[in-house]
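Give me coordinates for this.
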Amino acid sequence: MDDVKDVTFIVKWSGKEFPISDLVEQDTVAILKHEIYKKTQVRPERQKLLNLKYKNKLAADDVRLNQLDLKPNFKIMMMGSTEQDIENACSKPDGSEDVVDDFEDNEEKDMPTIENSCIYLNKVQKRIKDYVIKEITPPRKNRHLLVLDIDYTLFDHRSTAETGAELMRPYLHEFLTSAYAYYDIVIWSATGMKWIEEKMKLLGVSANPDYKILFYLDSNAMISIYTTDRGVIDVKPLGVIWGKYPDYYNSKNTIMLDDIRRNFLMNPKSGLRIRPYRQAHLNRDKDSELLKLKKYLLDIAENCDDFNTLNHRNWENYDPGRL
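This next block holds a predicted model:
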């Protein structure tokens, strides 16, 4: 990680300047564009970086930043329009968040490379250093760590309803109450902090007397990585939490539940892909995912000293009696 150097750029667009600093020199132009999108909302495919040249041509997405030989704070001239400026489109295309089927078994061969990549470990270290966690309750000694997604994991955020209870996944409070006996609980969503706080209030999670939430993490705690099959994606590296709380949590006692497998690409052994909860009005009377996961979490907390030895893909068949 010591050999990885940070790089910074300034993007000039629409009469304004946007500093882009969350990069290292081994990142690609594709990741640069992804970071520009975060600041400007101009999607990567709509960006034209006029003076970003490689071999006298506009730099392609797979060119690494250290190949461009640019000075720090180099000003990039960009042309491009946001989705709001384009007819029949608003912010993100419809369905962009409805990821049903992501990384398959044959793609997981690349996981160790991503997990141990010097580039991405360096980004995790930056998050550990710079991201500010606001604790709601203090961590407890001798507890495991449960990290939970929100959208389609705890509630159906697409369906319409008048109350949070109508969208809440069945058995949510029973699940959290049971887990709290053995786990400190973190909520991590790929959205903004204000949205997270409002949803937790809506679901009655933030003030529940039967359990406590350790803290919330938002999209700013995630990192961007580049994959050959999927391009640039944002992931949730658990190393951020482990680096902030080295005396409490690590890969041996942490499990993350998320409906999108790519979110734990940096920590594949720690992730369990939960079945997404959609169409709440049709499924609220028959969805029992959290009820079954409640038992699994209790079983592994009581019977397993190292979660790295578990295969969470087979969680439904877990038998503590075999250990």
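
ranges for the strands of this structure?
Defined through DSSP state E, the strands belonging to the chain, from first to last, are 6-13, 16-24, 48-49, 53-54, 57-58, 74-79, 144-148, 183-188, 215-217, 223-227, 231-235, 254-258, 271-273.

strand partners of the fifth one, parallel vs antiparallel please.
Strand 57-58 pairs in its sheet with strand 53-54 (antiparallel), by DSSP bridges.

Where do the helices of the protein begin and end?
Ranges of helices within the chain are 29-40, 111-115, 118-130, 164-167, 172-180, 193-202, 239-244, 280-283, 289-303, based on DSSP state H.

Same list, these, but as CSV with mean pLDDT, distance to residue 319 and mean neighbour count please.
All C-beta spots, glycine's among them, are computed from the backbone N, C-alpha and C. Written out in CSV, the entries for the helices of the chain read as follows (pLDDT from 0 to 100; distance: least, CB to CB, whole Å; neighbours: other CB atoms under 10 Å):
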stretch, mean pLDDT, distance to residue 319, mean neighbour count
helix 29-40, 93, 43, 21
helix 111-115, 60, 26, 14
helix 118-130, 91, 34, 17
helix 164-167, 82, 34, 17
helix 172-180, 98, 19, 19
helix 193-202, 92, 34, 16
helix 239-244, 97, 29, 21
helix 280-283, 85, 28, 15
helix 289-303, 97, 9, 17
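
Output those helices in JSON lines; the columns should cover distance to residue 67.
As requested, those are arranged in JSON lines below (distance: least, CB to CB, whole Å):
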{"stretch": "helix 29-40", "distance to residue 67": "9"}
{"stretch": "helix 111-115", "distance to residue 67": "20"}
{"stretch": "helix 118-130", "distance to residue 67": "14"}
{"stretch": "helix 164-167", "distance to residue 67": "48"}
{"stretch": "helix 172-180", "distance to residue 67": "47"}
{"stretch": "helix 193-202", "distance to residue 67": "36"}
{"stretch": "helix 239-244", "distance to residue 67": "28"}
{"stretch": "helix 280-283", "distance to residue 67": "49"}
{"stretch": "helix 289-303", "distance to residue 67": "46"}
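
mind putting the strands of the chain in a markdown table, distance to residue 285 and mean neighbour count included?
Putting the strands of the chain into a markdown table (distance: least, CB to CB, whole Å; neighbours: other CB atoms under 10 Å) gives the following:
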| stretch | distance to residue 285 | mean neighbour count |
| --- | --- | --- |
| strand 6-13 | 50 | 18 |
| strand 16-24 | 44 | 16 |
| strand 48-49 | 51 | 16 |
| strand 53-54 | 57 | 14 |
| strand 57-58 | 55 | 10 |
| strand 74-79 | 50 | 16 |
| strand 144-148 | 23 | 23 |
| strand 183-188 | 25 | 24 |
| strand 215-217 | 30 | 21 |
| strand 223-227 | 38 | 21 |
| strand 231-235 | 34 | 18 |
| strand 254-258 | 22 | 24 |
| strand 271-273 | 23 | 21 |
